[in-house]
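Chemist: the following block contains a protein sequence and its predicted model.
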Number of protein chains: 8
Amino acid sequence: GFAKVDHHRAMRQGFPEVIFGQGKTAAQIARIAQAIYAQGAAVLVTRVSPEKAAEVKRLMPQLAHEPEARCLSAPAKQPPPPGKGKVAVVAAGTSDLPVALEAVLTAELMGSKVERVFDVGVSGLHRLLAAADVLRSASCFVVVAGMEGALPSVVAGLVDRPVVAVPTSIGYGAAFGGLAALLGMLNSCAPGLSVVNIDNGFGGGYLAGMIDHLG
Amino acid sequence: GFAKVDHHRAMRQGFPEVIFGQGKTAAQIARIAQAIYAQGAAVLVTRVSPEKAAEVKRLMPQLAHEPEARCLSAPAKQPPPPGKGKVAVVAAGTSDLPVALEAVLTAELMGSKVERVFDVGVSGLHRLLAAADVLRSASCFVVVAGMEGALPSVVAGLVDRPVVAVPTSIGYGAAFGGLAALLGMLNSCAPGLSVVNIDNGFGGGYLAGMIDHLG
Amino acid sequence: GFAKVDHHRAMRQGFPEVIFGQGKTAAQIARIAQAIYAQGAAVLVTRVSPEKAAEVKRLMPQLAHEPEARCLSAPAKQPPPPGKGKVAVVAAGTSDLPVALEAVLTAELMGSKVERVFDVGVSGLHRLLAAADVLRSASCFVVVAGMEGALPSVVAGLVDRPVVAVPTSIGYGAAFGGLAALLGMLNSCAPGLSVVNIDNGFGGGYLAGMIDHLG
Amino acid sequence: GFAKVDHHRAMRQGFPEVIFGQGKTAAQIARIAQAIYAQGAAVLVTRVSPEKAAEVKRLMPQLAHEPEARCLSAPAKQPPPPGKGKVAVVAAGTSDLPVALEAVLTAELMGSKVERVFDVGVSGLHRLLAAADVLRSASCFVVVAGMEGALPSVVAGLVDRPVVAVPTSIGYGAAFGGLAALLGMLNSCAPGLSVVNIDNGFGGGYLAGMIDHLG
Amino acid sequence: GFAKVDHHRAMRQGFPEVIFGQGKTAAQIARIAQAIYAQGAAVLVTRVSPEKAAEVKRLMPQLAHEPEARCLSAPAKQPPPPGKGKVAVVAAGTSDLPVALEAVLTAELMGSKVERVFDVGVSGLHRLLAAADVLRSASCFVVVAGMEGALPSVVAGLVDRPVVAVPTSIGYGAAFGGLAALLGMLNSCAPGLSVVNIDNGFGGGYLAGMIDHLG
Amino acid sequence: GFAKVDHHRAMRQGFPEVIFGQGKTAAQIARIAQAIYAQGAAVLVTRVSPEKAAEVKRLMPQLAHEPEARCLSAPAKQPPPPGKGKVAVVAAGTSDLPVALEAVLTAELMGSKVERVFDVGVSGLHRLLAAADVLRSASCFVVVAGMEGALPSVVAGLVDRPVVAVPTSIGYGAAFGGLAALLGMLNSCAPGLSVVNIDNGFGGGYLAGMIDHLG
Amino acid sequence: GFAKVDHHRAMRQGFPEVIFGQGKTAAQIARIAQAIYAQGAAVLVTRVSPEKAAEVKRLMPQLAHEPEARCLSAPAKQPPPPGKGKVAVVAAGTSDLPVALEAVLTAELMGSKVERVFDVGVSGLHRLLAAADVLRSASCFVVVAGMEGALPSVVAGLVDRPVVAVPTSIGYGAAFGGLAALLGMLNSCAPGLSVVNIDNGFGGGYLAGMIDHLG
Amino acid sequence: GFAKVDHHRAMRQGFPEVIFGQGKTAAQIARIAQAIYAQGAAVLVTRVSPEKAAEVKRLMPQLAHEPEARCLSAPAKQPPPPGKGKVAVVAAGTSDLPVALEAVLTAELMGSKVERVFDVGVSGLHRLLAAADVLRSASCFVVVAGMEGALPSVVAGLVDRPVVAVPTSIGYGAAFGGLAALLGMLNSCAPGLSVVNIDNGFGGGYLAGMIDHLG
Ligand SMILES: Nc1ncnc2c1ncn2[C@@H]1O[C@H](COP(=O)(O)O)[C@@H](O)[C@H]1O
Ligand SMILES: Nc1ncnc2c1ncn2[C@@H]1O[C@H](COP(=O)(O)O)[C@@H](O)[C@H]1O
Ligand SMILES: Nc1ncnc2c1ncn2[C@@H]1O[C@H](COP(=O)(O)O)[C@@H](O)[C@H]1O
Ligand SMILES: Nc1ncnc2c1ncn2[C@@H]1O[C@H](COP(=O)(O)O)[C@@H](O)[C@H]1O
Ligand SMILES: [Mg+2]
Ligand SMILES: [Mg+2]
Ligand SMILES: [Mg+2]
Ligand SMILES: [Mg+2]
Ligand SMILES: [Mg+2]
Ligand SMILES: [Mg+2]
Ligand SMILES: [Mg+2]
Ligand SMILES: [Mg+2]
């Protein structure tokens, strides 16, 4: 075939290759998804439009579609070991939701419990402070923000757990497709914070899920 | 003469041309400063090293030197009209002080009362919240920050007065000489916030002083 | 709900959250708009296409549509206090009109009187100079320009009131989506000038309206 | 004073504010360091030249100097709790050592055991594979690389633990001061990998130390 | 005519002008292709969509269409001299295939034998190492990769033959349309590696074919 | 010799190769200058520090030094034909003088009459308008400006003769070494305006001198 | 009206405002064109798609459409004075033709004679050298090129007349929408060369036409 | 030791690790050089200042210093096999010589015969054409150029052998440290051309030497 699915990874890393749906045909997606499914591993397809999702589901009805997260997925045959604590996924604006929900879904497929704290951007701090109990109790944070991308800094200043910052391409003008948010997060002076690629909800959720399973 | 001092500006705008000291010799600075001083207008020279400042003072002892602000200045012959309220100059880190103090000095030369709130970066929000009374009482804010530049967003979300954001070139790596802070501030979703050039403490203080004199 | 409307802001800041229409569905927009409207606050939706505007209006007929400004809006139940003076919105070219009109509408919703000075780019200075009376009488300026973005500098050199510069994405080639205009405005040597994000007519109008209400 | 030391942070986060030495005078550094030391907390000063380090030590002899890491430090009065596992700090070239050693020192001050795997760049893979036992046994990785920055991707493909990637400014020409390495790391397709700012050895070591103490 | 086909090139360089199909109409392509074909030289049209390819074929049925490579082609009337060895075209991901196949086709038209090693990205090194025999036996390598673009470095570290690196525009966010891969490849510390433009499969295959015919 | 002086150029183009002094030793400069001088052609060395200029003059006393223009020069043996009109060199700030004077000197060496209009930046338009007679009478304009670089646009809007815009690296922060001025000039909507490289006073003066000799 | 047509310009500058068609409706274009036409001045509309051109022609049949140049135009009522010499428009590739033809049309409307030298890119120098007679006889050159943008440098090295370089957005990958060509042209070491904005055929043709009328 | 010298490389690749001298101390350089020398392999140290070179030579007198190439070197104990043909190193300006000579030295250490063609920039094509015999006879080209970087395109259009393009950081203003030359070379439409990092004379010479030994 045209694709060498990396089955070693499921063994080496506890989770198989994610399928980046954008730019692949429904047929290609279904073929790779089936190969992974046949191994009994969890399947996750990201960045699928509603139309492509419907087409893939016709070819492989075992997959569930979450339109807001733009994902297709199927759990592993064996349920994964549960996480040690709780992952909090925090998002600044309602436009950041698709990326945040991709993170939520990824961490849940890995076996983690996930709390959602959405629409709590820094221009109205009281909204974040109202979620103080989640801030206190989570073992790891995924913080998703576009525009100026300041939210992860503020969260990392309030907690003493790892914060995975996910910049989004939300914004306009000098947001430059997420560059402003990315640079803001990389330059945060709050320690314990690290950054993944723009719009990479999967990457944020995966790292948080991995940290939540350590120890 | 090599320089056409813009005396119209003092009339049109209530404050003469500032002298950007960097890249000018002490003799050039003194010559322009004296021309302004002779009109009875306030003199402000920005970005002067300690050595150059000493040299200029030898040529023109009427100027006062503030080494932390890197400025030389002399008040106008006629004291300017007082401002309507109070300008607050807020700075994120101790490294941002020279820029913040340039803003302080500018607004004071224009006749404004100025409050200083320094070292209150977003990675420890309690420090900013401790200055709640200043946040409540000022008529205009100059907020100075480098690195991720998130402080102006947070301040603008707490107050309902104009916030002039001044990005600084403080930071390293992906700060790119203040670019990260600049982009962060331009992308703020907190309304009432506008931005001046990187390290432009004069520009921030001038606009705040002008707003403080309106009405 | 998916969105935490920031009702505190209407109290803290005299104006509720603006709704950035681009990338939201008509249903989402209507739902947020209704929540704001129910509080009696002014509603403003920016960046809506004619088609989306029609759909939103079907769901919420109280909103008025201004197609040139690409906005939907409804005034606050209580008329806002009038401004102290007059806001001038100045635009360089006819292509900058949508952004300029977004600024006009915002300032008017806040209770300010607004003067329009349109199509007065720097390559034909006589057109700007013909508006000398507006330049003399306004309390605050919003100056909108694309391409080389020189107009705010020229205006700020002629007046002694705050100038809020709004770069637009109009231009081609090395305009780089508004970057050239943005950099030009940030580097202006005319004091009293500050800058908001590319195409952010709302941001410019809001700050001008706020300044016009000070004192 | 000019600096508000964030003592809350030691309580909130188990480690006080690090002191970024570059651009501060020896006197400023000593003053902040003493305030932290007086609380019994660990002291860490990064980016100090040999000359400045000597000066600071004259003012505060309790600090130890590690010239290769360009750091001054003193352990906390109370030894920190030990980590759960072992942090591996991996570096691509000998020029990356100062950044890597800053990470080592940070994690050690936090109480973690640290393994060093240095000079194992991707153009000679056998050198990395020779450290297979460390790759197998560490609980968290800090991977430091300049130039094309490919090493973290390769490591993250071999292990199933978190990899904190630290790009360095080592390189020339189109390395653009670490930008090439930074972009390479952000675009890695190996999951479990996140990135901190260019040359931010402290940030990498801090996050690794924090993860090593979870659970 | 509107186009001066460079027939000298076929003489000077053994291969005529390639026709870059993107942005040309089917009629324009057919006209240029026929002029080349009439000389007896090999014809290669790159970047043609399936629709445009069909249209061109209607006008010039001698051309063969390879949809995966997005190319149309016809061999030279005289078969070219065979290469001295074997060109290996290596690709990181399945999304890089169109670019890789453009390289394959080009080298084959020049008379070279080509080996394909596809889907062997650096996050699963075992897949590349499994192709050790190809790595040992080829005379020249074209290595195609997007995202972080690390594969050419790794290959060049394993072989002692020229490696032509082809960055692709595959990726998202901070991939910036292939910029991250391009910079990564330019900064490789593995000698023997050089780089062509983003997505330039033709350029990679041409240079490899040329090297394979030397001696 | 290490340098092939392009004597053909003096014949082809009426002016020999300029010697870019920066990065060359005094000995290298003198050697190339002497070769040009021996042909009877005009000699122009740009970007020489006072120290290097003194050293070169010791080796070649025929050269005259203009410290403000940072140039060394000697006229051609045969005086060049006079220009048809008059070149105006216009500069925005006093910091732009070295670049402007390099343009002046170049055009004069080519035989053109040159008018200087200096320190007439756009933030005080009355200063430019005071030079109306020069604007009316010159056959070609060189307009030099840093920071936002708006002056050439304004001049080109007032005259109907060619305007050669020279951006300078004067400015700070988001001036990015002349990039802001360069982009501003390229995006000017005033026709008749073209641009040369940042700080390229020679290039501006050369083109103006050439245009002044046409017809 | 929404647009203040700059009729002064026709008087000041011998040619009225050009109408940039992109982003304007057919109705807007027709209205502005009619205002200009009513003055007896030449009309030029650039960047019009075939569809929009047809619509405008329905509203204003006096306009002629040149689809390859993407322009609509009408000559001035009074034929303009003829140029002094001949303008040469030189283009590198067939894809650069629309921009080159926009330059041709502009210069012709101004009364200049124009020679076309097309498809003569630097990778086959013999094609350019074959046009030696045009190179010798023209009074001014417009040189249009995309990709690496080297053609203007080569032309300017062969002639001693002004060369107006027009970078185009033709290219892919690291061409970055014309940036590579633009930078190449700005950095040319051939004197007598200046640059206009990317794809600005009008600007190139206008300046050449203006130079051709001097003297 | 701090450095793992990659002795495998000498075996795998016929040439050991080059030592990048910039940023290393004389002692570090000498230590690595001695380790390589002890294996009997060729030693090459690039980017050494005259002062550092003298210091290294004191520690290791076997090394020869070529100040113009900024290199230290010693031939391998066993002379390498001779190349199949001849490498031509072509350079545009005299300022590009250090980079060009680094390429020359590298290829010579590998056993290749090298021809030098220097100071033949594209603004005076006759200088390059005068070297027609070298262009005809070499088996591989290294073409070094700064500023607009057009020379490799022109060379590649004249020959049918591989051209390795080396951009240099020579230039000013919009050269942006070699970026303009780099982009120009990547966008060349002349096939057979590939690019290495800015100022990477070693990389160019190494690849040319490798190609010259194939077959
Ligand atoms: N910090 C500053 N911000 C903005 N403009 C400034 C600043 N300092 C000086 N300027 C202006 O920059 C211009 C510099 O030109 P010049 O000093 O005449 O070379 C003058 O118009 C100054 O008024
Ligand atoms: N033109 C605008 N300028 C600045 N902020 C805006 C603008 N339009 C909307 N916003 C804010 O951007 C945020 C977008 O978040 P959301 O709409 O919740 O996805 C909200 O806080 C809005 O108030
Ligand atoms: N993939 C490619 N890589 C490099 N050059 C190309 C490619 N495809 C076409 N070209 C060249 O690009 C130029 C485009 O000019 P034209 O096709 O005449 O507009 C021609 O010289 C082609 O030979
Ligand atoms: N200010 C300038 N603008 C444009 N080209 C220049 C300038 N100064 C020198 N040059 C050219 O740049 C090239 C530098 O190469 P070289 O001096 O031989 O290293 C020569 O061709 C010079 O003619
Ligand atoms: Mg919201
Ligand atoms: Mg602090
Ligand atoms: Mg107009
Ligand atoms: Mg090494
Ligand atoms: Mg794959
Ligand atoms: Mg001045
Ligand atoms: Mg062609
Ligand atoms: Mg030369």
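Modeler: Done, it's in. Numbers count the residues shown, from 1 in each chain, chains lettered A, B, ... in the order given. Ligands and ions are numbered 1, 2, ... in the order given.
Chemist: which residues does the residue of chain A found nearest ligand 11 contact?
Modeler: Taking Cβ to the ion, ligand 11 has its nearest neighbour within chain A at A:Gly23, 30.3 Å off. The C-beta positions use only the backbone N, C-alpha and C, and glycine is treated the same way. Residues counted as contacts of A:Gly23 (Cβ atoms under 8 Å, 6 or more residues apart in numbering or on different chains) are E:Ser95, E:Ile170.
Chemist: that one: what secondary structure?
Modeler: Assigned by DSSP: H, G, I helix; E, B strand; the rest coil, the conformation of A:Gly23 is coil.
Chemist: which non-adjacent residue is nearest the residue of chain A found nearest ligand 1?
Modeler: Among all residues of chain A, A:Ala174 sits closest to ligand 1, at 20.2 Å; criterion: Cβ to the nearest ligand atom. Leaving aside its chain neighbours, A:Ala174 sits nearest to B:Leu186 (4.4 Å; criterion: Cβ to Cβ, 6 or more residues apart in numbering or on different chains).
Chemist: A:Ser139 too?
Modeler: Nearest residue to A:Ser139, sequence neighbours excluded (Cβ to Cβ, 6+ apart): A:Gly85, at 2.9 Å.
Chemist: surely that neighbour touches A:Leu214?
Modeler: No - under the criterion of Cβ atoms under 8 Å, A:Gly85 makes no contact with A:Leu214, lying 10.1 Å away.
Chemist: closest to the centroid, which residue in chain A?
Modeler: A:Ala103 (1.8 Å; Cα atoms, centre = their mean).
Chemist: give me the neighbour count for the nearest residue to A:Glu102 once chain neighbours are set aside.
Modeler: In this structure, A:Glu102 finds its nearest non-sequential neighbour in A:Gly201, 3.0 Å apart by Cβ to Cβ, 6+ apart. A:Gly201 is flanked by 31 other residues according to other Cβ atoms under 10 Å in any protein chain shown.
Chemist: show the contacting residues for the residue nearest to A:Ala174.
Modeler: Residues in contact with B:Leu186 (Cβ under 8 Å, 6+ apart) are A:Glu148, A:Gly173, A:Ala174, A:Ala180, B:Val195, C:Leu182, C:Val195, C:Val196, C:Asn197, C:Ile198.
Chemist: show me which of the residues you listed is closest to ligand 12.
Modeler: For the contacts of B:Leu186, the nearest to ligand 12 is C:Leu182 (38.1 Å; Cβ to the ion).
Chemist: ok but that closest one is inside a helix, no?
Modeler: Yes - per three-state DSSP, C:Leu182 lies within a helix segment.
Chemist: who wins on neighbours among the contacts of B:Leu186?
Modeler: Result: A:Glu148 is most packed of those (other Cβ under 10 Å), 36 neighbours.
Chemist: helix or strand: which one has it?
Modeler: For A:Glu148, there is no host helix or strand (DSSP states H and E).
Chemist: same check on the one 5 residues further on?
Modeler: Here A:Ser153 sits within helix A:151-158, counting by DSSP H and E.
Chemist: extract the C-alpha trace of that helix and format it as CSV.
Modeler: The C-alpha trace of helix A:151-158 is given here as CSV (Å, rounded to 0.1, in the frame of the first residue of the first chain):
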residue,chain,number,x,y,z
LEU,A,151,-4.7,32.9,28.6
PRO,A,152,-2.1,30.2,29.2
SER,A,153,0.3,32.7,30.9
VAL,A,154,-2.4,33.7,33.3
VAL,A,155,-3.4,30.1,34.0
ALA,A,156,0.2,29.0,34.5
GLY,A,157,0.6,31.8,37.0
LEU,A,158,-2.3,30.5,39.0
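Chemist: now chain A against ligand 8: closest residue?
Modeler: For chain A, Cβ to the ion, closest residue to ligand 8: A:Ser194, 26.0 Å.
Chemist: specify the beta-bridge partners of that residue.
Modeler: Under the criterion DSSP bridges, A:Ser194 forms beta bridges with A:Val164.
Chemist: mind checking how far it is from E:Gly201?
Modeler: Distance from A:Ser194 to E:Gly201, counting by Cβ to Cβ, to the nearest Å: 35 Å.
Chemist: circling back to that earlier point, list the buried residues for the particular helix or strand that has the residue nearest to the centre of chain A in it?
Modeler: With elements taken from DSSP H and E, the one containing A:Ala103 is helix A:97-109. By 16 or more other Cβ atoms under 10 Å in any protein chain shown, the buried positions in helix A:97-109 come out as A:97-109.
Chemist: re earlier: pLDDT of the helix holding A:Ser153, averaged?
Modeler: Across helix A:151-158, pLDDT averages out at 93.
Chemist: do stretch A:170-182 as well
Modeler: 95.
Chemist: repeat that for stretch A:88-102.
Modeler: 95.
Chemist: just the endpoints, please. Distance across it?
Modeler: 13 Å (Cα to Cα, to the nearest Å).
Chemist: do that stretch and ligand 2 meet?
Modeler: Yes - using Cβ under 6 Å from any ligand atom, stretch A:88-102 reaches ligand 2 at A:Gly93, A:Thr94, A:Ser95.
Chemist: dump those to CSV, plus distance to E:Ala53 and secondary structure.
Modeler: Shown next, in CSV, are the residues of stretch A:88-102 next to ligand 2 (distance: Cβ to Cβ, whole Å; DSSP: H, G, I helix; E, B strand; the rest coil):
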residue, distance to E:Ala53, secondary structure
A:Gly93, 43, coil
A:Thr94, 43, helix
A:Ser95, 39, helix
